[in-house]
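# Got a sequence here, can you model it:
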Amino acid sequence: MRVRTTTAAVCTALVAVAALTGCNRESGGGGSAKVGIDLPRSDSDFWNSYQQYLSKGTKAAGISALPMTNSQNDIGKLVADVTAFMDQGAKAVVMAPQDTGAVASTLDTLHQRKIPVISVDTRPDKGDVYMVVRADNKAYGEKACAFLGERLKGTGEVAEFQGDLSSINGRDRSEAFKACMAKKYPGITVHELATDWKGDVASAKLQSTLAAHPGLNGIYMQAGGVFLQPTLALLEQKHLLKPPGTPGHITIVSNDGIPEELDAIKAGKIDATVSQPADLYAKYALYYARAALDGKTFTAGPTDHGSTIVKIPNGYEDQLPAPLVTKANVDDPALWANQLTKKS
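The predicted structure follows:
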């Protein structure tokens with residue numbers, strides 16, 4: 001990995017001998033420094049898996065974590081959780097803000113306190129961050145578009161379950177999907193369904209869309225963790241859940257890569273998903289929290305873990321790989337969901 005390390009001018013001999021990892025910006029070594037970790041929600045299988053990886057990984061990463069909080073997709077709760085972290089002496093914070101615009105003032109407060117922030121999965125619109133750990137979400141929309149476009153041979157109607165457009169992830173996926181469809185597959189009509197990342201909203205809007213457009217032959221779900229089960233339940237109820245290759249099959253591509261999605265691909269209930277690396281999100285969130293405590297800095301360029309660090313206006317972003325999963329590679333042992341299944 002391309003890393004430039006800076007060390008505070010004065011380190012105690014004790015820390016230099018015991019830790020050999022440099023000095024914290026404030027405390028001269030991150031060994032006992034506390035890290036606050038806020039989880040964004042608990043109503044998604046993806047985020048529940050992320051929490052499991054975090055819980056298992058703190059010790060291996062050399063992190064002394066404060067009790068984890070869960071802001072439940074509520075910016076007010078996130079602000080309160082971060083305030084509690086500061087009161088408890090946190091020297092770094094890991095968060096995954098779902099409203100990427102409203103979090104700016106909280107990031108400003110942390111910056112003033114010289115508390116570095118690692119933002120997971122979402123990139124705040126404003127406010128300094130030490131590192132964003134995220135996959136390329138525009139690529140999610142583009143991969144889904146290409147998969148549907150080819151499978152539908154460039155014609156038909158697609159329902160798109162858009163995530164919350166106040167989140168950069170929802171915007172990136174939606175904008176990339178729309179631009180790709182308009183450019184490469186103009187014969188496909190896209191019905192954009194705003195969902196606020198809520199499965200019940202997606203199901204209700206899909207039901208209305210199917211009634212108005214009975215020829216619908218494709219669905220793009222921007223988050224399988226919340227959309228998969230209600231979508232499959234509705235299609236099953238309406239006798240529209242038909243195997244790939246048979247008349248009336250609705251081609252479905254998702255995002256997340258949870259075990260349930262892989263099972264659905266194997267069963268022929270959905271066709272593909274883009275696997276968000278829940279394991280790597282946790283691993284590198286903790287890695288960068290550790291690096292922040294040790295006073296390390298990073299530059300743009302390729303890493304030694306198959307990703308690329310890019311410069312963003314308010315910091316840096318490590319863009320982790322997110323592969324497309326289909327029937328052809330659904331059993332790949334490298335996929336985090338397959339690893340999770342084996343361990344459980």
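
# For Gly127, which non-adjacent residue is spatially closest?
Leu107 (2.7 Å; CB to CB, 6 or more residues apart in numbering). Quick note: C-beta positions are derived from backbone N, CA and C, even for glycine.

# Could you pull up the residues touching that neighbour?
Val117, Pro124, Lys126, Gly127, Asp128, Val129, Asn314 (CB atoms under 8 Å, 6 or more residues apart in numbering).

# And Arg173, by the same measure?
Asn137, Lys138, Tyr140, Gly141, Ala144, Gln162, Gly163, Gln222, Asn255.

# Including secondary structure and neighbour count, could these go into a markdown table?
As requested, the contacts of Arg173 are exported to a markdown table (DSSP: H, G, I helix; E, B strand; the rest coil; neighbours: other CB atoms under 10 Å):
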| residue | secondary structure | neighbour count |
| --- | --- | --- |
| Asn137 | helix | 28 |
| Lys138 | helix | 18 |
| Tyr140 | helix | 27 |
| Gly141 | helix | 26 |
| Ala144 | helix | 30 |
| Gln162 | strand | 23 |
| Gly163 | coil | 27 |
| Gln222 | coil | 29 |
| Asn255 | strand | 30 |
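
# Can you tell me the closest non-neighbouring residue to the residue most central in space within the chain?
With distances taken as CA atoms, centre = their mean, Asp121 lies nearest the centre of the chain, 3.5 Å away. Closest residue in space to Asp121, ignoring its immediate chain neighbours: Ala96 at 5.0 Å, by CB to CB, 6+ apart.

# cool, and Pro333?
Gln339 (7.0 Å).

# I'd say the one you found and Asp279 touch.
Yes - the criterion here is CB atoms under 8 Å, and Gln339 meets it with Asp279 at 6.9 Å.

# Counting neighbours, go ahead and name the busier of these two.
Asp279 (20 against 14; other CB atoms under 10 Å).

# For the more buried one, which three-state class applies?
helix (DSSP: H, G, I helix; E, B strand; the rest coil).

# Next, work out how far apart it and Ile219 are.
27 Å (CB to CB, to the nearest Å).

# just Ala65 next, same as before
38 Å.

# For Leu335, give me its contacts.
Gly257, Leu262, Ser275, Pro323, Val325, Asn329.

# Got the domain ranges for the chain?
3-134+278-321, 137-275 (automatic domain parsing).

# would you list these in JSON lines and tack on distance to Ala334?
Formatted as JSON lines, those follow (distance: least, CB to CB, whole Å):
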{"stretch": "domain 3-134+278-321", "distance to Ala334": "10"}
{"stretch": "domain 137-275", "distance to Ala334": "10"}
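
# Could you check how far the residue lying closest to Ala61 once chain neighbours are set aside is from Lys77?
In this structure, Ala61 finds its nearest non-sequential neighbour in Leu286, 3.7 Å apart by CB to CB, 6+ apart. Noted for Leu286: a distance of 22 Å to Lys77, by CB to CB.

# Let me see the contact set for Ser105.
Per CB under 8 Å, 6+ apart, neighbours of Ser105: Gly127.

# 6 Å - rerun?
Shown in contact with Ser105 (CB atoms under 6 Å, 6 or more residues apart in numbering): no residues.

# One more: Lys126?
Contacts of Lys126 (CB under 6 Å, 6+ apart): Ala104.

# would you say it is within a strand?
No - the assignment for Lys126, made by three-state DSSP, is coil rather than a strand.

# Local confidence estimate at it?
Predicted confidence (pLDDT) for Lys126: 93.

# same deal with Ser167?
83.

# Can you tell me how far it is from Arg134?
With CB to CB as the criterion, Ser167 and Arg134 are 12 Å apart.

# any idea how far Ala291 is from Leu232?
The value you get for Leu232 to Ala291, if CB to CB is used, is 41 Å.

# Compare neighbour counts for these two and give me the winner.
Set Leu232 next to Ala291 and count neighbours by other CB under 10 Å: Ala291 wins out with 25 against 18.

# Please identify the helix or strand for the more buried one.
According to DSSP states H and E, Ala291 maps onto helix 278-293.

# Just the helices from the stretch 1-150 of the chain, written as ranges.
13-18, 45-57, 75-87, 104-112, 137-151 (DSSP state H, counting those that start in this stretch).

# which parts of the fourth one are buried?
I take that to be helix 104-112. Ala104, Thr106, Leu107, Leu110, His111 (16 or more other CB atoms under 10 Å).

# And the second one, what's its pLDDT?
Put plainly, it is Thr106. 97.
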